[in-house]
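In: Sequence and predicted structure are below.
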Amino acid sequence: MKENEIASGVAIKVRGLDANGNSIVTSPQQIVDNTSCLQLKQLYGTYAESYYCKIVTMTLSGSTEGNLDNIVLEIIGGNAYTVPNSLLYLSLVCHRETVKASKNSIIGTLSIGYVKNDTSIDIWVKTASYSNSIYVSILGRQDRNALIKNVFQKDVPEGYIEIN
């Protein structure tokens, strides 16, 4: 058997390079565990009332170009738990101080928006009463984007702009 053949058809170890170019061997599970973009993280549970829940803070780079200040999210839940979970994708970019955002609702409807500050953009989801839990995954750039847990409020956040 050659080194790159798998007798059972299931990879047990993966060979790759670390940040310094050194050869490493790891398991596929370790890769998934250490790669946030492959995992949905539960940020909020079920609430009896409707809340605005902050899900992500994107720290702005200080550049005027949008290639550094952008984010793509997969968001599940937040709608009433009497219907199937909502599923949507959100793409947001800040280019030369202008924020452009687009959401694609695959299943259900979910109100989502952002607040732009001097150094960051906060992304908020408005939950329904008796909501499904909210799960979020950052798809793409992670170095300046942070998932936020347990920051919620009844009132509309100051400066909130809804994404249609």
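Out: In hand now; what should we look at? Numbering: from 1, shown residues only.

In: How far away from the center of its chain is the helix or strand hosting residue 93?
Out: If you go by DSSP states H and E, residue 93 is part of strand 87-95. Centre-to-centre, strand 87-95 and its host chain are 10 Å apart (C-alpha atoms, centre = their mean, to the nearest Å).

In: Low-confidence ranges, the chain, go.
Out: Applying pLDDT under 70 to the chain picks out residues 1-11, 29, 31-39.

In: now the strands for it?
Out: 14-17, 23-26, 41-44, 52-59, 70-76, 87-95, 98-107, 111-116, 120-126, 134-138, 145-147, 152-153, 161-162 (DSSP state E).

In: Could you dump these into TSV with mean neighbour count added?
Out: No exception for glycine: its C-beta is placed from N, CA and C like everyone else's. Output for these, formatted as TSV (neighbours: other C-beta atoms under 10 Å):
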stretch	mean neighbour count
strand 14-17	10
strand 23-26	10
strand 41-44	18
strand 52-59	21
strand 70-76	21
strand 87-95	19
strand 98-107	13
strand 111-116	20
strand 120-126	22
strand 134-138	22
strand 145-147	17
strand 152-153	15
strand 161-162	13
